[in-house]
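Asks: Predicted structure and sequence below. I'll ask about it afterward.
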Amino acid sequence: AQSVTQLGSHVSVSEGALVLLRCNYSSSVPPYLFWYVQYPNQGLQLLLKYTSAATLVKGINGFEAEFKKSETSFHLTKPSAHMSDAAEYFCAALTGANNLFFGTGTRLTVIP
Amino acid sequence: NAGVTQTPKFRVLKTGQSMTLLCAQDMNHEYMYWYRQDPGMGLRLIHYSVGEGTTAKGEVPDGYNVSRLKKQNFLLGLESAAPSQTSVYFCASSYGAGSRLKSSYNEQFFGPGTRLTVL
């Protein structure tokens, strides 16, 4: 069965610093993996997705994620944090029924 | 395109009352989903539908019912609300379950959410 684990419910970074949000998956087959972002009082917006075409996936707003099978990881990164990146981020894996299994989320705070 | 819309945005119920949340999408998507979001638990799937007239249970279906009478609408009902159902509810839709060549079919588009409080 698909599942994802997000390490760290809260992450704080200074403006301009590297953003690293961690996600590990558990699966017996290569999964479809997603990162979603949720801004305050809004719905979820897709940042990027892994579908086995390339291990390094580029998304919107300068974010990217690298699929590492050996580590069963799909960590989200951004070289330089901006104040507008403050939000909650969710990693998700697609199940066989096209349902998403979400991680518990990581709230990113950007310190000016 | 309005995308995915949800009605209402906020609602307060008393224990035992009933209500229906409406989700509508104008993207001609086959699949629709209802999730609930609770602090520290991420989003959990309540029910989903793979097409008009079909529904299926998700991870946390107890206490909820759904209907998909029209392709563009997916209704979530609470027959007898309980304080444990206080949550933010999100609807989503997608084209369907595509092959790896049609991975865009898997992408789910989310509505803005409904904040429900049960007293």
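Replies: Looks like it arrived, so ask away. Residues are numbered from 1 along each chain as shown, chains lettered A, B, ... in the order given.
Asks: and chain B, which of its residues are near chain A?
Replies: Those residues of chain B that sit near chain A, judged by C-beta under 8 Å from any C-beta of the partner chain, are B:4, B:31, B:33, B:35, B:40-45, B:48, B:50, B:56, B:58, B:90, B:92, B:94, B:96-97, B:100, B:103, B:106-113. Glycine gets a C-beta too; all of them are placed from N, C-alpha and C.
Asks: could you redo the last one with a cut-off of 7 Å?
Replies: Proximity of chain B to chain A is confined to B:31, B:40-43, B:45, B:48, B:58, B:90, B:94, B:96-97, B:100, B:103, B:106-108, B:110-113 under the rule C-beta under 7 Å from any C-beta of the partner chain.
Asks: what are the bridge partners for the closest residue in space to residue A:62 that isn't next to it in sequence, then?
Replies: In space, and not counting its chain neighbours, residue A:62 is closest to residue A:78: 5.2 Å by C-beta to C-beta, 6 or more residues apart in numbering or on different chains. As for beta bridges, residue A:78 partners with residue A:19 under DSSP bridges.
Asks: quick one: residue A:78 and residue A:21 touch, right?
Replies: No: taking contacts as C-beta atoms under 7 Å, residue A:78 lies outside contact range of residue A:21: 8.9 Å.
Asks: In chain B, where is pLDDT below threshold?
Replies: B:97-105 (pLDDT under 70).
Asks: before we move on, which element is the most centrally placed residue in it in?
Replies: By C-alpha atoms, centre = their mean, chain B has its centre lying nearest to residue B:34, at 2.1 Å. Using DSSP states H and E, residue B:34 falls within strand B:31-38.
Asks: Tell me which residues of that strand come out buried.
Replies: Residues B:31, B:32, B:33, B:34, B:35, B:36, B:37 are the ones in strand B:31-38 that count as buried (16 or more other C-beta atoms under 10 Å in any protein chain shown).
Asks: Up against chain B, what does chain A have?
Replies: So chain A meets chain B at A:9, A:32, A:42-44, A:46, A:49, A:51-52, A:90, A:94, A:98-100, A:102-105 (C-beta under 7 Å from any C-beta).
Asks: Mark which of those are buried, thanks.
Replies: Buried members of the residues of chain A next to chain B, counted by 16+ other C-beta under 10 Å: A:32, A:43-44, A:46, A:49, A:51, A:90, A:94, A:98-100, A:102-105.
Asks: With respect to residue B:66, which of these is nearest?
Replies: Using C-beta to C-beta, the shortest approach to residue B:66 within those belongs to residue A:99, at 14.1 Å.
Asks: which residues does the closest residue to that closest one other than its chain neighbours bridge with?
Replies: Nearest residue to residue A:99, sequence neighbours excluded (C-beta to C-beta, 6+ apart): residue B:45, at 5.5 Å. For residue B:45, the beta-bridge partners under DSSP bridges are residue B:35.
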